[in-house]
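Enquirer: With the sequence up front, the predicted model follows.
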Amino acid sequence: MDTGETPPTVPYTAKEYNDYGLPWFDYYDDNSTALKGSEKLKDLKSVVEMGQKKGDVPVPENESVEIGYVKKLGNSLKPYQVREGAF
């Protein structure tokens, strides 16, 4: 649905994200299994694929970067453990 309104801000590019020292997140869980893909979405094309088909570069400012700060996430708690925190 198109609201006809401009988004309030432009998202950071990967370079800006890195330059500002914002954390990248890495989630890893040994016990995870991949979900089966959706039949409805099997023919969905990415923005890059659609741009290439048109001979365009749809996101030229989003070049690859050397990732800086990475915060590792994961479920390291055992089922009977409770994490500490200010709630």
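Expert: Thanks, I have it.
Enquirer: From here on, just use CA atoms for contacts and neighbour counts.
Expert: Fine.
Enquirer: Distance check, Ser46 against Ala34.
Expert: Applying Cα to Cα, to the nearest Å, the value for Ser46 to Ala34 is 20 Å.
Enquirer: Return the distance of the longest helix that the chain contains from the chain's centre.
Expert: Criterion DSSP state H: the longest helix present in the chain is helix 47-54. Computed by Cα atoms, centre = their mean, to the nearest Å, the chain-centroid distance of helix 47-54 equals 19 Å.
Enquirer: What mean pLDDT does it get?
Expert: The average pLDDT within helix 47-54 is 88.
Enquirer: likewise stretch 68-84?
Expert: Stretch 68-84 comes out at a mean pLDDT of 73.
Enquirer: What is the end-to-end distance of that stretch?
Expert: Start and end residues of stretch 68-84 are separated by 28 Å (Cα to Cα).
Enquirer: How about stretch 53-64?
Expert: 21 Å.
Enquirer: Can you give the contact residues for that stretch?
Expert: 13-15, 47-48, 51 (Cα atoms under 8 Å, 6 or more residues apart in numbering).
Enquirer: In those, find the pair that's most separated.
Expert: Within the contacts of stretch 53-64, Lys15 and Gly51 form the most distant pair, 21.1 Å apart (Cα to Cα).
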